[in-house]
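**Q** 3D, please:
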Amino acid sequence: MRSLTLLLFLLVGASGAAPQIAWRSDFDAALASAKESGQVLFLALNMDGEKANDRAAEDVYHDKAVVALTESTVNLIGSRFEHGSSTCKRFGVVECGQHQQIEKKIRLQVLQAPPEADIVAPQHIWLSPAGEVLLSVPYELPVPQLLWCFVTALNKADPELKMTMPRSAKVPRRLIMDGTLEPGEGASAIPPMSRMEIIATIRAIRAGMRGESKTKALLRMVSTDDELAIEFIGLEFGDARLGRRPEQLVRYLRAIGVVSPPGYWVAIEDFLNHPDEEVRNEAAVALEQLAAPKSVKKLRAALGREKDTQVRKNMLRAIGVAGAEDKSARTLLLRAWRDRGKDALQARNALLVLGLHATDKKAMAAIEEALVDSDARMRQAAALGLAFARSVDQAPRLRQALEVEKDSESLGVLERCIQVLEGGKLALIAADYARSGKDTIPRTRFFGTAAEEAVKQQD
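**A** Numbering: from 1, shown residues only. Now for the predicted structure:
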């Protein structure tokens, strides 16, 4: 018992409380304080009733390494929700009325979004002491990625600081340097349903809700990270009537790929075996965007049965993304690269996601080989894979490739890939990526609205 007590003491500190970010209570005062002290301003937007936001509020913002870094920044939390009188029960330190006013200020002054507009949450923004955006990341930001952002923002604001990057830090794929997500850009900020709304919607559907009203209700439900919603969607999609209407399935699968939490993979996995090729394609791309590690096994089994070329390359991509930490997934990608003489399209699609595995020696060796391949399309795919993975440490390698590249199209691709590795939006390579993979389905979750236009260019 004494050893357990000592362990808890070490974990939470002598006060008995979890580490706590020192959130400021006033936007204008925090901005003035950051300017006067020369500190970076850290802004966090959070909402209620959604698990990614809950994980941020309950876990990420109490991580010891994160809290330690916030001691060097001026910190503001913005939320439009109420969590009780006096000190906020969700965030502590500040009152709910204060973080509600801060949310309005961030919305208007930083995001330049009108009061009625839906904005993405969670969302994190770092401002220079002068109030200029250093970088931002929309959507969920796990601890390793949050650490990378803090260190990068601090070093960017003060180049002489040269703060060491933690070994556990990772570059966010949705990183935006020197700017923020435009209102309405990227995946729609569909407000998730509360548990009571889910129950009411299920009852209404079972009572006979049909047509567009039902479609809209289901499309909102798939943005909700709740086991009840996921289970119901799985049952609803299993309805034999939907099996006879591929166009409706395509619409739902497309929406899930863009807005759903990773847990929805269990609701759509069976459509990898659907008789309609279009449905199988949409299911594979949706699973690619959900990137749920547990879906790899199902995807591998489906790939072994699949005969259609387009579906196969999409399944391979999904395996590579969802299995970024999976050795078996990496083995499949490397095999596709080795067999490039038999199937060049499959090899290019393997390269497009192999950058996610670049910390592995064999994967990096394959990428290096592809960067000097005689086929310009292979060289492009290898560079695009590194940019897609935000492998910032590989930027010097791409600059070297740029110096010796002779193909005009490849020169443009390399330049855009380098821009991404220097902090540009993934949208910069959306058209190149779609062309390299011969994509007919947009990866909106990754590339934003640029993905839609990129696919149109392939038609």
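**Q** pLDDT score for residue 234?
**A** Residue 234 carries a pLDDT value of 89.
**Q** do the same with the one 4 residues further on
**A** According to the per-residue confidence, residue 238 scores 71 in pLDDT.
**Q** and for residue 192?
**A** 75.
**Q** and the gap between the spatially closest residue to residue 293 that is not a sequence neighbour and residue 302?
**A** Closest residue to residue 293 apart from its sequence neighbours, by CB to CB, 6 or more residues apart in numbering: residue 322 at 5.8 Å. The way it works is simple: take the backbone N, C-alpha and C, and place the C-beta from them, glycine included. From residue 322 over to residue 302 the distance is 12 Å, taken as CB to CB, to the nearest Å.
**Q** okay, those two: which has more neighbours?
**A** residue 322 (27 against 24; other CB atoms under 10 Å).
**Q** what's the more buried one in contact with, if anything?
**A** With contacts defined as CB atoms under 8 Å, 6 or more residues apart in numbering, residue 322 is in contact with 287, 288, 290, 291, 292, 293, 295, 296, 299, 329.
**Q** what do you get if the cut-off is 6 Å, keeping everything else the same?
**A** By CB atoms under 6 Å, 6 or more residues apart in numbering, residue 322 lies in contact with 291, 292, 293, 295, 296.
**Q** nearest to residue 274, of these?
**A** Using CB to CB, residue 295 is the member of these that lies nearest residue 274, at 15.7 Å.
**Q** tell me which element the closest residue to that closest one other than its chain neighbours falls in.
**A** Among residues not flanking residue 295 along the chain, residue 265 sits closest, at 4.3 Å (CB to CB, 6+ apart). Using DSSP states H and E, residue 265 falls within helix 265-268.
**Q** relative to the whole chain's centre, how far out is that helix?
**A** 18 Å (CA atoms, centre = their mean, to the nearest Å).
**Q** need the next SSE after it, C-terminal direction.
**A** Assigned by DSSP H and E, the successor of helix 265-268 is helix 277-290.
**Q** avg pLDDT for that following helix?
**A** pLDDT averaged over helix 277-290 gives 96.
**Q** what is that helix packed up against?
**A** helix 246-259, helix 265-268, helix 309-322 (3 or more CB pairs under 6 Å, 6 or more residues apart in numbering; DSSP states H and E).
**Q** export those helices to TSV and tack on distance to residue 227?
**A** Shown next, in TSV, are the helices and strands packed on helix 277-290 (distance: least, CB to CB, whole Å):
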stretch	distance to residue 227
helix 246-259	16
helix 265-268	10
helix 309-322	20
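**Q** what strand or helix carries residue 98?
**A** helix 96-105.
**Q** scratch that, residue 126 is what I was asking about
**A** strand 123-127.
**Q** which other helices and strands contact that strand?
**A** Using 3+ CB pairs under 6 Å, 6+ apart: strand 123-127 touches strand 40-45, strand 133-138.
**Q** so where is the protein shaky, pLDDT-wise?
**A** 1-17, 183-191, 239-245, 459 (pLDDT under 70).
**Q** need the residue closest to the centroid of it.
**A** Of all residues in the chain, the one closest to the mean position by CA atoms, centre = their mean is residue 174, 5.6 Å from it.
**Q** what sits against it?
**A** So residue 174 contacts 137, 138, 139 (CB under 6 Å, 6+ apart).
**Q** now, which of those residues sits nearest residue 363?
**A** Taking the contacts of residue 174 together and measuring to residue 363 by CB to CB, the closest member is residue 137, at 25.2 Å.
**Q** what's the distance between the closest residue to that closest one other than its chain neighbours and residue 339?
**A** Closest residue in space to residue 137, ignoring its immediate chain neighbours: residue 172 at 4.6 Å, by CB to CB, 6+ apart. Residue 172 is 33 Å from residue 339, where distance means CB to CB.
**Q** again with residue 390
**A** 27 Å.
**Q** about what we covered before: return the most buried member of the helices and strands packed on helix 277-290.
**A** helix 309-322 (a mean of 25; mean count of other CB atoms under 10 Å).
**Q** so which bits of the very next helix or strand once past that helix are buried?
**A** Using DSSP H and E, the helix or strand that follows helix 309-322 in sequence is helix 327-338. Of the residues in helix 327-338, 329, 330, 332, 333, 334, 336, 337 count as buried by neighbour count, 16 or more other CB atoms under 10 Å.
**Q** a markdown table for those residues, including distance to residue 53?
**A** What follows is the buried residues of helix 327-338, written out as a markdown table (distance: CB to CB, whole Å):
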| residue | distance to residue 53 |
| --- | --- |
| 329 | 29 |
| 330 | 32 |
| 332 | 35 |
| 333 | 33 |
| 334 | 38 |
| 336 | 38 |
| 337 | 39 |
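**Q** between these, which is nearest residue 261?
**A** residue 329 (20.9 Å).
**Q** what about the closest residue to that closest one other than its chain neighbours, how many residues nearby?
**A** Leaving aside its sequence neighbours, residue 329 sits nearest to residue 323 (CB to CB, 6+ apart; 2.6 Å). Residue 323: 26 surrounding residues under other CB under 10 Å.
**Q** how about residue 156?
**A** The number of residues near residue 156, taken as other CB under 10 Å, comes to 17.
**Q** got the contact list for it?
**A** residue 134.
**Q** off-centre distance for the strand or helix carrying it?
**A** Using DSSP H and E, residue 156 falls within helix 143-157. The chain centroid and the centroid of helix 143-157 are separated by 17 Å, computed with CA atoms, centre = their mean.
**Q** now the angle from it to strand 40-45?
**A** Orientation check (axes from the mean of the first three to the mean of the last three CA atoms, to 10 degrees): helix 143-157 against strand 40-45 gives 140 degrees.
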